[in-house]
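>>> pasting a predicted model and its sequence here:
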Amino acid sequence: MMVSHMQLLPHFIKQRRPLVHNITNVVVTNFTANGLLAIGASPVMAYAREEVADMARMAGALVLNLGTLSAELVEAAILAGRSANLHGIPVLLDPVGAGATPFRTRSALEILREVRIAMVRGNAAEVAHLIGEAAAIKGVDADGAEEETPIDLAARAAHRIGTIVAITGKEDVITDGTKSYVIRGGHPIMTRVTGTGCLLTSVMGAFAAVEPDLLTAGAAALALYGAAATRAYDAAGFRGPGSFQTAFLDALSEMDQIPVEEEAVICHRVSAGRGFLQ
Ligand SMILES: Nc1ncnc2c1ncn2[C@@H]1O[C@H](COP(=O)(O)OP(=O)(O)O)[C@@H](O)[C@H]1O
Ligand SMILES: Cc1ncsc1CCOP(=O)(O)O
Ligand SMILES: [Mg+2]
C-alpha cells in the first residue's frame, strides 16, 4: 500500500503547487528554483531578516541550507524556523559541509537547538558530524570489504537529534529511528552536477508540504527523485553532466508519470542502531 500511496504524491504537488520557502546557498539557487518548478511546486528564495518570518508562515515547507553560510543566514534561518514552528509548517535542514569548518558545525547545531527540525538530509559525513562522530560509520560486508552502513548512522542520528534523518549516496536511507526505508536508484553522475543534493532536500520539502506522514513523504521523494535521475541518464545523461542536468529537469517535470518500483523501496524496522529487514 505504501508505494501506491507514494505514487500519488507527485500528483498532489502538481495540483496544490505548494510554496516552498528556501533559505539556501548561492551556488544552487537557480537549479533549486527550476527543479521545484519542474515538479509543480512554487519556489521562493527569501533571506531578509525583515521578511523571513512573514514568508515562512505562508509556505507549505521551509528548507534551510547551509551551503554558503553567513551569520546573517543563520539569523534568518532561526527567525524563519521559529515562525514555521509556530504555524505548524515542516522545516527541513540540509547541513551542507557540516564538519568541514567549526563555523558550519556550530551553526548547524545552533539551528537544531533553536528550531524544531522535521527532517535532516545530508550525506554520511555531514550527518556523522552532527552527532559528533568524526567520520561515517564503516561496516564490513561478507567479503570483508568495508562498506558504509548508513542505516545505522541515520538511526543513531534520528534518536540523538530527535528528527527524521535521511542519508543519501550510493543508497539512500531515511528513518525516524524506528522505521527505515532503504531506497535504491539514482546514478553516480549526480555527484558531478552541483546542487543535486540541495535540490533533493527542497524536493523533500515539497513532498512534506502535501503529505503529513513525513517519513512517507521523505521516502517517496527519495524514490521518485532517484527514478527521475535514472530516466534522465537513459534519455541523455550518458553523454555527460551537462546533458544529464537538462534531462534531469525534464524528468522531474514527468515525476507524476514515473512508477515507484516496489523493489526500490525496502522497509526496515530498526532496533538500537542495527537495521534489519522487516
Ligand atoms: N553513487 C551513487 N549512485 C547513485 N546515486 C547517487 C550516488 N551518489 C549520490 N547519488 C544520488 O545523488 C543525489 C545527491 O545525493 P548526495 O550526493 O548524497 O548529496 P550531496 O550532494 O548533498 O552530497 C541523491 O539522490 C543520491 O541518491
Ligand atoms: C559547491 C558548493 N559550495 C557551497 S554550497 C555548494 C553546492 C553543494 O550542493 P550539493 O550539496 O547539492 O552537492
Ligand atoms: Mg549536499
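The structure has been received and is ready for your questions. Ligands and ions are numbered 1, 2, ... in the order given.
>>> so the most centrally placed residue in the chain: helix, strand or coil?
Nearest residue to the geometric centre of the chain (Cα atoms, centre = their mean): T201, 2.9 Å. Under DSSP: H, G, I helix; E, B strand; the rest coil, T201 falls in the helix class.
>>> leaving out chain neighbours, which residue sits closest to it?
D94 (4.0 Å; Cβ to Cβ, 6 or more residues apart in numbering). To be clear about C-beta, it is placed using only N, CA and C from the backbone, and glycine gets the same treatment.
>>> just list the residues touching that neighbour, thanks.
With contacts defined as Cβ atoms under 8 Å, 6 or more residues apart in numbering, the neighbours of D94 are 24, 63-67, 120-122, 197-198, 201.
>>> what count of nearby residues applies to F31?
As a burial measure, F31 scores 20 neighbours (other Cβ atoms under 10 Å).
>>> wait, I meant E72
So E72, with other Cβ under 10 Å, has 11 neighbours.
>>> in the protein, what helix or strand scores lowest on average pLDDT?
strand 274-277 (a mean of 42; mean pLDDT, DSSP states H and E).
>>> grab the nearest non-local neighbour of the residue of the stretch 51-200 of the chain found nearest ligand 2.
Per Cβ to the nearest ligand atom, G67 is where the stretch 51-200 of the chain lies closest to ligand 2, at 2.7 Å. Closest residue in space to G67, ignoring its immediate chain neighbours: N25 at 2.7 Å, by Cβ to Cβ, 6+ apart.
>>> and what of H5?
Closest to H5 by Cβ to Cβ, 6+ apart is T216, at 6.7 Å.
>>> now that neighbour: which helix or strand?
Assigned by DSSP states H and E, T216 falls within helix 214-235.
>>> that helix close to ligand 2?
No: if you take Cβ under 6 Å from any ligand atom as the test, helix 214-235 misses ligand 2, and the best it gets is 11.9 Å.
>>> keeping just the C-alphas, turn the host helix or strand of V20 into CSV.
Counting by DSSP H and E, the element that carries V20 is strand 19-23. Extracted C-alpha coordinates of strand 19-23, given in CSV (Å, rounded to 0.1, in the frame of the first residue of the first chain):
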residue,chain,number,x,y,z
LEU,A,19,5.0,27.2,-1.8
VAL,A,20,8.5,26.0,-0.7
HIS,A,21,10.5,28.8,1.1
ASN,A,22,14.2,28.1,0.6
ILE,A,23,16.9,29.8,2.6
